[in-house]
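Mind folding the following:
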Amino acid sequence: MYTMGRDREKTLLAGNRYYRRDLDLHFALIDAFHDWADGRASVDQTLARVFDVIDVKSTKMVLETAGYWFRRAVAKERAFKDYVFRLASHKSIMARISAPWEMSEPSEERELALIGALLSDRSRQVRERTLDNVEMGRWLTVVPLLRRREALQRQDPGRLGRAVSLITNGYYELEGEIVHYVGRGPGGAGGLGGTEYSRAEEAKSVLSRVGAEELEYRRLHGCWPKRPQEGHDLIESLKRWSPLKEPS
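Numbering: from 1, shown residues only. Coordinates of the predicted model:
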């Protein structure tokens with residue numbers, strides 16, 4: 001885990017006026033992650049200490065500090081992903097609001113289940129923050145995979161697992177649906193089959209809008225909307241279509 005050193009990190013944080021309130025809590029978070037980096041604490045012990053702090057005060061700034069160090073740690077140790085699940089089940093609304101923001105593109109069944117729970121959280125703020133991740137194009141996999149999960153989990157769990165396993169870093173078409181696009185591939189390609197970068201960017205924009213509208217439709221009507229006849233080009237068929245304009 002990259003760090004400028006425990007003492008240096010504390011000095012820099014103390015110099016920022018936004019963190020001066022509850023400075024002891026911020027320092028406790030820095031100590032927890034540095035003890036793990038130094039090999040003096042396990043992941044479980046570190047997360048327990050982190051949530052001891054969050055249980056005391058789950059303010060925006062405390063959660064920002066926890067999230068900052070979580071993102072550094074999870075890049076080195078995937079077991080830290082449990083941080084997001086613990087946030088999502090926390091009694092504090094502020095903690096649950098932070099959960100979708102800290103979650104990267106979902107690629108596991110339990111992450112999709114968690115998103116489903118956050119989309120139906122008792123707090124409107126949590127539901128809206130979760131939806132924001134779709135609207136900003138951060139989670140292009142969510143709508144296709146939630147739809148597929150609900151349709152397949154009773155019929156063919158293995159097929160669902162194979163679909164989820166394809167979600168890595170690229171632009172994919174699977175059974176007529178564009179599943180995911182992130183970044184620009186080698187030589188301007190945007191994933192499998194050498195999809196052009198401009199085409200992938202267009203797909204990203206269209207699917208972000210459609211995904212957000214489909215989630216809203218499902219919230220309003222309790223079911224997924226029926227997409228238009230796709231023909232040979234999924235993106236062209238979705239460009240001018242909106243489920244919110246369809247009769248329920």
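
all contacts plus neighbour counts: C-alpha atoms, from now on.
OK.

List of residues touching stretch 31-50?
Judged by C-alpha atoms under 8 Å, 6 or more residues apart in numbering, the contacts made with stretch 31-50 from elsewhere in the structure are 1, 6, 28, 29, 66, 69, 73, 79, 80, 83.

And the buried ones among the residues you listed, selectable in ChimeraX?
If you want just the buried ones from those in ChimeraX, going by 16 or more other C-alpha atoms under 10 Å, the selection is:
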select :28,29,66,69,73,80,83
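
Count residues in the vicinity of residue 245, would you?
Here the number of neighbours of residue 245 (other C-alpha atoms under 10 Å) works out to 9.

I should have written residue 4 there, sorry.
Residue 4 has 9 nearby residues by other C-alpha under 10 Å.

Residue 38 too?
Neighbours of residue 38 using other C-alpha under 10 Å come to 9.

Return the backbone torsion pair for it.
phi -80, psi 0 (degrees, to the nearest 10).

Please apply the same query to residue 214.
Here is the backbone geometry of residue 214 (degrees, to the nearest 10): phi -70, psi -40.

swap in residue 21?
Recorded main-chain torsions at residue 21 are phi -70, psi 140, according to degrees, to the nearest 10.

Model confidence score at it, please.
At residue 21, the predicted lDDT confidence score is 83.

and it, how many residues sit next to it?
Once other C-alpha under 10 Å is used to define contacts, residue 21 is seen to have 12 neighbours.

How about residue 15?
Neighbours of residue 15 (other C-alpha under 10 Å): 10.

All the helices of this structure, residue numbers only.
Taking DSSP state H as the criterion, the chain contains helices spanning 6-14, 23-37, 43-56, 60-74, 82-88, 93-102, 109-119, 124-135, 142-152, 157-165, 197-221, 234-239.

Go through these and name the closest to residue 227.
Proximity to residue 227, assessed across these by C-alpha to C-alpha, is greatest for helix 234-239 (8.0 Å).

Give me the distance between the residue lying closest to residue 65 once chain neighbours are set aside and residue 12.
Distances taken as C-alpha to C-alpha, 6 or more residues apart in numbering put residue 26 closest to residue 65, at 6.6 Å, once the chain neighbours are dropped. With distances taken as C-alpha to C-alpha, to the nearest Å, residue 26 is found 12 Å from residue 12.

More neighbours: these two, which one.
Each of residue 26 and residue 12 has its neighbours counted (other C-alpha under 10 Å); residue 26 has more, 24 against 10.

which residues sit in contact with that one?
For residue 26, the contacting residues are 19, 62, 65, taking C-alpha under 8 Å, 6+ apart as the criterion.

Cool, thanks, talk later.
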